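Colleague: sequence plus predicted model, see below.
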Amino acid sequence: MPSTPSADLSPAPFGRVLTAMVTPFTDDGALDLTAAQALATHLVDHGNDGIVVSGTTGESPTTTDAEKVRLIRAVLEAVGDRALVVAGVGTNDTAHSVESARQAAEAGAHGLLSVTPYYSKPPQAGVLAHFTAVADATDLPVMLYDIPTRTGTPIRTETLVRAAEHERIVAVKDAKGDLYEGAWVMARTDLAYYSGDDAANLAWLAHGAAGMVSVVSHVASPQYRAMVEAALGGDLNTAQRIYRELLPAVRGIMTRTQGAIMAKAALQLQGVLSSRAVRLPLVEATSDEISLLKTDLSESALLEARA
């Protein structure tokens, strides 16, 4: 696996640059494991030291438990000796999440990503109990995913501090964007923070994050690897330059419609995926969205840069 920029940096239990990988489908909607292996290989070849499968960007709400297990095994076969493979196991049903965690561990996953239970809006005591149950289910390290715009419930600072007492809860993927509260969590615990929002990647690195779990890295892994190494190495000017160069790509993939839709479209434009098929309720990018995306990727020099 790629080495970290410096041995004395804060721990990165899941690596530095992870992609929340899309799940490739054939044009008729079937799981395409061959394309998934090729995509994972492509990402690792271009700078990822971690892959997250079956996160929201992986369309986890519309893939079956059996498909998730097949996907973990396929990605492990392709890149498991070169990168950490983290399985998304979060649902709003604790028993289901626990079973998913066990299945992921049995399939060989290196770690687990557990999102806050969504829609149900549990109290913080329920959030903590849910995460504890998932962490108790296996011997794998767990990354908590805090994204209240989708789940309806934030993970409060005190809840994170208490969760950090569990030996297997070791990291947070933050898409809440509260840098102040995140800094307090990092000051009070050993939790490794990962930016879960590409618009905030550089800000989180400046606040002490270990790395990122990115969607835009589908098409910009080398650039994000260079940005992380520059930021963690103290070269803020270079990190800022790369961050700003990628702003059009972030706009194109993350702001006009759902991220998985546009990530698949961007990968197709780069020739990495042959199909941009998604499963309902998602729908493929429109021709107008594709046209705008081409412009955005070109502004970030991402249609020409890929070998």
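Modeller: Received, thanks. Residues are numbered from 1 along each chain as shown.
Colleague: and the strands in the chain, which stretches?
Modeller: Along the chain, the segments classed as strands by DSSP state E run 17-20, 50-53, 84-88, 111-115, 142-146, 169-174, 192-195, 211-214.
Colleague: Serialize these to JSON lines and add fields for mean neighbour count.
Modeller: For the C-beta atoms, the positions are set from N, CA and C on the backbone; glycine is no exception. Converted to JSON lines, the strands of the chain look like this (neighbours: other CB atoms under 10 Å):
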{"stretch": "strand 17-20", "mean neighbour count": "31"}
{"stretch": "strand 50-53", "mean neighbour count": "30"}
{"stretch": "strand 84-88", "mean neighbour count": "28"}
{"stretch": "strand 111-115", "mean neighbour count": "27"}
{"stretch": "strand 142-146", "mean neighbour count": "27"}
{"stretch": "strand 169-174", "mean neighbour count": "25"}
{"stretch": "strand 192-195", "mean neighbour count": "26"}
{"stretch": "strand 211-214", "mean neighbour count": "30"}
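Colleague: pLDDT below threshold where in this protein?
Modeller: 1-10, 304-307 (pLDDT under 70).
Colleague: tell me who's in contact with Val89.
Modeller: Applying CB atoms under 8 Å, 6 or more residues apart in numbering, we find Val89 in contact with Ser54, Ser97, Ser100, Ala101, Ala104, Leu112, Leu113, Ser114, Val134.
Colleague: so the residue lying closest to the fifth one once chain neighbours are set aside versus Val53, what's the distance?
Modeller: What it means is Ala104. Computed as CB to CB, 6 or more residues apart in numbering, the closest residue to Ala104 that is not its neighbour in sequence is Ala87, at 3.7 Å. Distance of Ala87 to Val53, given as CB to CB, to the nearest Å: 6 Å.
Colleague: pull the number of nearby residues for Ala95.
Modeller: If you count neighbours by other CB atoms under 10 Å, Ala95 ends up with 9.
Colleague: got the buried residues for stretch 173-189?
Modeller: Residues Lys173, Asp174, Ala175, Lys176, Gly177, Leu179, Glu181, Gly182, Val185, Met186, Thr189 are the ones in stretch 173-189 that count as buried (16 or more other CB atoms under 10 Å).
Colleague: what separation do you get for the residue nearest to the last one when sequence neighbours are not counted and Glu158?
Modeller: Going back to what we said before, that points to Thr189. Spatial nearest neighbour of Thr189, excluding adjacent residues (CB to CB, 6+ apart): Ala164 at 3.7 Å. Separation of Ala164 from Glu158 (CB to CB) stands at 11 Å.
Colleague: of those two, who's got more company?
Modeller: Ala164 (18 against 13).
Colleague: for the more buried one, give me its contacts.
Modeller: Taking CB under 8 Å, 6+ apart as the criterion, Ala164 is in contact with Val185, Arg188, Thr189, Asp190, Leu191.
Colleague: narrow those to those in helices?
Modeller: Within the contacts of Ala164, residues falling in helices by DSSP state H are Val185, Arg188.
Colleague: what two of the contacts of Ala164 are the furthest from one another?
Modeller: Of all pairs drawn from the contacts of Ala164, the greatest distance, 10.1 Å, lies between Val185 and Asp190 (CB to CB).
Colleague: what sits against Trp184?
Modeller: The contact partners of Trp184, taken as CB under 8 Å, 6+ apart, are Thr157.
Colleague: from Ala239, how far out is it?
Modeller: Trp184 is 24 Å from Ala239, by CB to CB.
Colleague: burial measure for Arg102, as a count.
Modeller: By other CB under 10 Å, the residues close to Arg102 number 15.
Colleague: isn't it right up against Asp139?
Modeller: No - using CB atoms under 8 Å, Arg102 is not in contact with Asp139; the gap is 10.7 Å.
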